[in-house]
Structure formats: C-alpha cells, structure tokens
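Enquirer: sequence first, predicted model second:
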Amino acid sequence: MSICTRYADFRNLFMSGEPTAADGFPTWDPSKFDGNLVVYSNWQITFPVTIQLQLSDDAVAYTDEYHWHLSQPTELTAPRMELLRYDNLPTGTRSGRVQIALTTKGDELLSSGELGPPHSAESMSNFLRGCYVYAYEISSDQFYVLDMYRQAFVPAQLDI
C-alpha cells in the first residue's frame, strides 16, 4: 500500500494513463469514483480513526490492493493528522485498512482554543474542514473519497 504524502505524487500514482490537465498533472475521471467512505457517525471522534475498505488480508501476501492519500490544511507546513498503515501481519498485508492519527500539531490545535473552545464541536468542525481521505482500489481502478468534515457534521438525509 502506498500512503502518498504529497498531492503531486498521489495524482501521478492514482491517475497514470489519464488525460493531462493544463497544470501538467493527470485529470480526474469522475466515472471512476465508486462511492464515499463512511467512518464515524458524529463529531465526537476518538483518534486514531480506522478507515477500512476491506477487512481481510490482501489476496496475495505483501502485494497491496489499495493506495491512500490524506489531504488537509497545514499551519506552517505542519500536518494536523497522518495516515498510518493499520497492520502488517506475518502472513501478509491488509492495504484496505489505514488509521488516521493526530500529529503533535493536531493535538495542539484541538486543545489550544485557536479553532474554538478546546475539544468542542466548533473546534472539531474547524479542524476537519478541508480534510479528505482518498483510497484507490488498484484492481477495479476505482476511487473512494471521505470528506471528513461532511461525514461528521452533515446529516445523512442531506447527503447527495
């Protein structure tokens, strides 16, 4: 499994063979988006958060089936959260599962009052705004997207 830390790497890895946009990167093919990831039901999130598309080991031991990317605002170039491999087993890998953990900067932001009252719905709302997790299933050439703010704060009945 690849966890891409730079958006440029993510676009080049996930979208190889797609038409090139004016900025020189491949373009998104909307037909390849299969659905949204669902992780938690409200803003009271406990980190690390586990995201999974597949519970079982990869079909071939140590051959990844998914790639992942976390997109987020940064303050002074320090990320709030980081993607972590969920588990590597002696019998193989489970690339269909990752964890999102807070960085030191993320922990500081949530408790500082800079985004709202510490550990409140307001601070979590501001913390998650603009944060997205992308998963790419290699075999099906499909993308999955998690809008972390929308998942936590927009009621399901408003989902389009």
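Expert: Great, that's in hand. Numbers count the residues shown, from 1 in each chain.
Enquirer: going forward, measure contacts between C-alpha atoms and count neighbours the same way
Expert: Noted.
Enquirer: can you mark which positions in stretch 114-133 are buried?
Expert: 115-116, 118-119, 121, 123-128, 131-133 (16 or more other CA atoms under 10 Å).
Enquirer: in helices, which of the residues you listed appear?
Expert: Among the buried residues of stretch 114-133, the residues falling in helices (DSSP state H) are 121, 123, 124, 125, 126, 127, 128.
Enquirer: the second one against residue 117, yeah?
Expert: Meaning residue 123. Yes - Residue 123 is within contact range of residue 117, at 6.1 Å (criterion: CA atoms under 8 Å).
Enquirer: measure residue 124 to residue 140 for me?
Expert: 34 Å (CA to CA, to the nearest Å).
Enquirer: residue 72: which of the buried residues of stretch 114-133 is nearest?
Expert: residue 131 (4.3 Å; CA to CA).
Enquirer: just give the closest residue to that closest one, not the sequence neighbours.
Expert: residue 72 (4.3 Å; CA to CA, 6 or more residues apart in numbering).
Enquirer: nearest to residue 154, of the ones in helices among the buried residues of stretch 114-133?
Expert: For these, the nearest to residue 154 is residue 125 (10.5 Å; CA to CA).
Enquirer: and the nearest residue to the closest one once chain neighbours are set aside, its phi and psi?
Expert: Nearest residue to residue 125 in three dimensions, chain neighbours excluded: residue 149, at 6.4 Å (CA to CA, 6+ apart). Phi and psi for residue 149, reported as degrees, to the nearest 10, are phi -70, psi -50.
Enquirer: report the contact partners of residue 149.
Expert: 125, 128, 129, 130, 131 (CA atoms under 8 Å, 6 or more residues apart in numbering).
Enquirer: and the helix or strand residue 50 falls within, which strands flank it?
Expert: Per DSSP states H and E: residue 50 is located in strand 49-52. Taking DSSP bridges as the criterion, strand 49-52 sits next to strand 97-102 (antiparallel) in its sheet.
Enquirer: and the next element down the chain from the partner strand?
Expert: Taking DSSP H and E, what comes next after strand 97-102 is helix 104-112.
Enquirer: residues in contact with that following helix?
Expert: So helix 104-112 is contacted by 78, 79, 80, 81, 115, 117, 118, 119, 123, 124, 127 (CA under 8 Å, 6+ apart).
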